[in-house]
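K.L.:
Below: sequence and its predicted model.
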Amino acid sequence: MAKIFCVANQKGGVGKTTTTVNLSAGLAKVGQRVLMVDLDPQGNATMGSGVDKRRLELSVYDVLLESASIAEAKVRSERLVAAGCAYDVLGANRDLAGAEVELVNQERRERRLKEALASVTGDYDFVLIDCPPSLSMLTLNGLCAAHGVIVPMQCEYFALEGLSDLVNTIKQVHANLNKDLEIIGLLRVMFDPRITLQQQVSDQLKAHFGEKVFDTVIPRNVRLAEAPSYGLPGVAFDPSARGSHAFVDFAHEMVTRLGGMRPAVPHVA
Ligand code: ADP
Ligand code: MG
């Protein structure tokens, strides 16, 4: 049975999509079966996984509106297969922006993704969901479907403040919609150890959240930022980059934290 995780943070530009595609590729690289679900109408995670959002015949939109199953709508990039870190993609494009309105009067609207995932959960070890930067019906679908939330964050001055909103939202979803939901961990991303403030915020995070802060730290690394323009996760685009190594380390940490998963195969650089 797959473990299902949302990558969420109400702020934009904090590294959600970068985390989703690179963790997907990293997990695939260490032998895990992965489905990546793009819940952002911008479709960046789709494009960044080697899938052209403009050519999708079926997408997560069709799944949410119950006109297609995940088995019918999922796709896989040949380029990721060639790079040895392939995962399935339930893609998104601008159609998804309309789903919010179309779902508004429908029953069980926040549970559509959860119900759709039920039929494929035996096929994967991990399902990773890239959320948009808002608490919309789309994010709610992600949070309802998930066992846990991975929160990427930059160690900046306002980071902790933004976090309290997210923590409250997750508490509400936990109380009202999804008893399984918990924060799996906070992932420090775009980290630059030379910046004293980042070190300080990182220390504060550990003091506040203890074990919930992942050991792995993702450095600021230009190769991770360049990779999307080549339509690949950094892990596939430049496996030797520092940022790519960090995401493979993170994949190992996830597998280890969860225990009892299919064993990760050793990473050969
Ligand atoms: P979000 O999905 O939260 O909006 P993105 O993952 O799209 O955030 O990241 C925002 C920007 O930061 C993108 O241009 C991305 O390439 C860049 N970026 C993300 N992580 C890193 C990193 N570790 N090093 C350098 N650039 C990064
Ligand atoms: Mg994004």
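P.N.:
Looks like it came in fine. Ligands and ions are numbered 1, 2, ... in the order given.

K.L.:
rest of the way, CA atoms for contacts and neighbours
P.N.:
Fine.

K.L.:
so does stretch 167-186 get close to ligand 1?
P.N.:
No: Stretch 167-186 stays clear of ligand 1 (CA under 6 Å from any ligand atom), getting no nearer than 13.5 Å.

K.L.:
again, but for stretch 23-32
P.N.:
No: judged by CA under 6 Å from any ligand atom, stretch 23-32 makes no contact with ligand 1; its nearest approach is 11.6 Å.

K.L.:
Quick check: buried residues in that stretch?
P.N.:
By 16 or more other CA atoms under 10 Å, the buried positions in stretch 23-32 come out as Leu23, Ser24, Ala25, Gly26, Leu27, Ala28, Lys29, Val30, Gly31, Gln32.

K.L.:
tell me the average confidence for it?
P.N.:
Stretch 23-32 shows a mean pLDDT of 98.

K.L.:
cool, stretch 149-158 as well?
P.N.:
Stretch 149-158 shows a mean pLDDT of 92.

K.L.:
Next: stretch 81-94.
P.N.:
The pLDDT scores in stretch 81-94 average 97.

K.L.:
and it, how far apart are its ends?
P.N.:
By CA to CA, to the nearest Å, the extent of stretch 81-94 from end to end equals 26 Å.

K.L.:
Please see if that stretch touches ligand 1.
P.N.:
No: legend: contact between stretch 81-94 and ligand 1 by CA under 6 Å from any ligand atom is lacking; minimum distance shown is 13.6 Å.

K.L.:
And that stretch, how far out from the chain middle?
P.N.:
Centre-to-centre, stretch 81-94 and its host chain are 13 Å apart (CA atoms, centre = their mean, to the nearest Å).

K.L.:
Now that stretch: buried residues?
P.N.:
Per 16+ other CA under 10 Å, stretch 81-94 contains these buried residues: Ala83, Gly84, Cys85, Ala86, Tyr87, Asp88, Val89, Leu90, Gly91, Ala92, Asn93.

K.L.:
Which of those residues sits closest to ligand 1?
P.N.:
Among the buried residues of stretch 81-94, Ala92 lies closest to ligand 1 (CA to the nearest ligand atom), at 13.6 Å.

K.L.:
Give me the contact list for the host helix or strand of Ala207.
P.N.:
Per DSSP states H and E: Ala207 is located in helix 196-209. Applying CA atoms under 8 Å, 6 or more residues apart in numbering, the contact partners of helix 196-209 are Cys155, Glu156, Tyr157, Leu160, Arg188, Phe191, Asp192, Pro193, Lys212, Val213.

K.L.:
Mind giving me the packing neighbours of the longest strand seen in the chain?
P.N.:
Using DSSP state E to assign secondary structure, the strand with the most residues in the chain is strand 182-191. Strand 182-191 sits against strand 148-153, helix 159-176, strand 213-219, with contacts defined as 3 or more CA pairs under 8 Å, 6 or more residues apart in numbering; DSSP states H and E.

K.L.:
As a markdown table, the ones you listed with mean neighbour count would be great.
P.N.:
Formatted as a markdown table, the helices and strands packed on strand 182-191 follow (neighbours: other CA atoms under 10 Å):
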| stretch | mean neighbour count |
| --- | --- |
| strand 148-153 | 24 |
| helix 159-176 | 15 |
| strand 213-219 | 20 |
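
K.L.:
Lowest average confidence across these, which one?
P.N.:
Here the helices and strands packed on strand 182-191 differ in mean pLDDT, and the lowest is helix 159-176 at a mean of 87.

K.L.:
By mean pLDDT, point me to the weakest helix or strand of this structure.
P.N.:
Lowest by mean pLDDT, DSSP states H and E among the helices and strands of the chain is helix 159-176, with a mean of 87.

K.L.:
Between helix 196-209 and it, find me the angle.
P.N.:
30 degrees (axes from the mean of the first three to the mean of the last three CA atoms, to 10 degrees).
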